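K.L.:
Sequence first, then the predicted structure:
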Amino acid sequence: MLYIVESMVVTLWLMLPIYLPNPGAVMFGGGMPMDFGKMMPDGRRILGKSKTWRGFIGGSLFGFTVGIIQNFLAFYLPDAWFPPFSRNWYIAIPLLLTMSFSSLLGDALGSFIKRRLGIESGGRAFLLDQLPFVIVSWFFLYMLFPGWFIEHFWNWISVTTVFILTPLIHRAVNIAAYRLGYKDVPW
């Protein structure tokens, strides 16, 4: 049982640079929309007003910065619970950049799909709001760092932890952001 709990903690620790760009984008967002206000042939925006360049860059750099801090702290914490992303910074830096930027690419993909389905910015879409950022991040990690991805995420405990807890974590963070005045809706 301790092994399962330990694996869950490690998974959530390693997921922070994927999880945190989304709330970072909300905190740093605003300004020029990523789709520049353009419409698709279906008459709907490509991404919508809530996906901005400032949010994309600010949120990605927020997730990356947290990952750098985590990697530094991991040298002083027990490896079993809080492993570093890599002991070699020349691997950790591109790995963390991939995790944080691909997270918001996945979030933008989710918005693109929502617009095609006729769901407006801020509209609710269960699982489409919570999982594309994980799936896209994991795809890029697998393509660019396959050994690292398989070692850290490709096991039943990590997959189960992420796909069960991500919607719950996403919901809790959105409620908090709504109550703090960062979001107009609590989802």
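P.N.:
Thanks, I have it.

K.L.:
residues contacting G31?
P.N.:
Neighbouring residues of G31 by CB atoms under 8 Å, 6 or more residues apart in numbering: T52, W53, R54, G55. No exception for glycine: its C-beta is placed from N, CA and C like everyone else's.

K.L.:
gap between the helix or strand encompassing the last one and the chain center?
P.N.:
Using DSSP states H and E, the element containing G55 is helix 53-74. If you compare the mean C-alpha spot of helix 53-74 with that of the full chain, they lie 11 Å apart, counting by CA atoms, centre = their mean, to the nearest Å.

K.L.:
and the angle for the very next helix or strand once past it with helix 53-74?
P.N.:
Next helix or strand after helix 53-74 toward the C-terminus (DSSP H and E): helix 89-116. Angle between the axes of helix 89-116 and helix 53-74 is 140 degrees (criterion: axes from the mean of the first three to the mean of the last three CA atoms, to 10 degrees).

K.L.:
How about helix 89-116, which residues are buried there?
P.N.:
92-93, 95-112, 114-115 (16 or more other CB atoms under 10 Å).

K.L.:
Next: stretch 42-49.
P.N.:
Buried residues in stretch 42-49 (16+ other CB under 10 Å): R44, R45, I46, L47, G48.

K.L.:
Which of the helices and strands in the chain ranks last by mean pLDDT?
P.N.:
helix 156-179 (a mean of 92; mean pLDDT, DSSP states H and E).

K.L.:
Alpha carbons only: can I get stretch 173-187 in PDB?
P.N.:
What follows is stretch 173-187, C-alpha atoms only, in PDB (Å, rounded to 0.1, in the frame of the first residue of the first chain):
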ATOM      1  CA  VAL A 173      -8.500  25.000  -8.800                       C
ATOM      2  CA  ASN A 174     -11.200  26.600 -11.000                       C
ATOM      3  CA  ILE A 175     -13.500  27.100  -8.000                       C
ATOM      4  CA  ALA A 176     -10.700  28.700  -6.100                       C
ATOM      5  CA  ALA A 177      -9.800  31.000  -9.100                       C
ATOM      6  CA  TYR A 178     -13.500  31.900  -9.400                       C
ATOM      7  CA  ARG A 179     -13.700  32.800  -5.700                       C
ATOM      8  CA  LEU A 180     -10.500  34.900  -6.000                       C
ATOM      9  CA  GLY A 181     -11.900  36.800  -8.900                       C
ATOM     10  CA  TYR A 182      -9.600  35.400 -11.600                       C
ATOM     11  CA  LYS A 183     -12.400  33.600 -13.500                       C
ATOM     12  CA  ASP A 184     -15.900  34.500 -14.400                       C
ATOM     13  CA  VAL A 185     -17.200  31.000 -14.000                       C
ATOM     14  CA  PRO A 186     -16.300  28.200 -11.500                       C
ATOM     15  CA  TRP A 187     -15.400  25.600 -14.200                       C
END
